[in-house]
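1. output the structure for:
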Amino acid sequence: MANILIIDDSPTDVRVFTTLLEKAGFSVSSVDNAESGIDRIRASKPDLVIMDVIMPGMNGFQATRTLSRDPATADVPVVMITTKSMETDRVWGLRQGAKAFITKPVNEKELLSTIASLLPNKH
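-> Residues are numbered from 1 along each chain as shown. The predicted structure follows:
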């Protein structure tokens with residue numbers, strides 16, 4: 001069973017994603033800010049991270065860049081999920097090291113197929 005970490009400051013979004021992912025058979029944990037998320041990833045190496053962009057303190061772009069540049073965490077795929085829907089945001093997120101960029105509201109099938117493509121042997 002793959003372990004997924006959700007980094008999002010919205011309790012509603014965390015609850016929605018957690019329910020969806022657990023129903024699909026994933027083990028899910030969450031933190032509400034990027035700094036705690038980076039610490040958790042370094043400590044427990046989840047199989048995949050779902051990263052919000054707009055958060056207090058460090059934003060998702062900065063956190064993804066930090067993770068992708070650290071050899072200890074660079075192999076953990078990051079899926080950015082955000083309300084920021086402009087193409088420039090998507091390009092910037094991927095340039096920071098995200099493996100996928102999905103806009104809210106999230107399509108359940110799109111999210112699950114994206115995760116399956118990034119974790120081919122984990123589900």
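
2. and the one residue sitting closest to the centre of the chain, helix, strand or coil?
-> Nearest to the mean C-alpha position of the chain, by CA atoms, centre = their mean, lies Ile50 at 1.5 Å. Secondary structure assignment for Ile50 (DSSP: H, G, I helix; E, B strand; the rest coil): strand.

3. which residues in this structure form helices?
-> Assigned by DSSP state H, the chain shows helices spanning 11-23, 34-44, 60-69, 87-95, 108-118.

4. the residue nearest to the centre of the chain touches Ala2, doesn't it?
-> No. The pair Ile50 / Ala2 is not scored as a contact, 11.9 Å apart, by CB atoms under 8 Å. No exception for glycine: its C-beta is placed from N, CA and C like everyone else's.

5. contact partners for the residue nearest to the centre of the chain?
-> By CB atoms under 8 Å, 6 or more residues apart in numbering, the residues touching Ile50 are Ile4, Leu5, Ile6, Ile7, Asp8, Phe17, Val79, Ile81.

6. quick check, pLDDT for it.
-> For Ile50, the model assigns a pLDDT of 98.

7. can you tell me the closest non-neighbouring residue to it?
-> The shortest distance from Ile50 to any residue other than its chain neighbours is 4.7 Å, reached at Ile6 (CB to CB, 6 or more residues apart in numbering).

8. so what sits opposite the one you found in the bridge?
-> For Ile6, the beta-bridge partners are Ser30, Ile50 (DSSP bridges).
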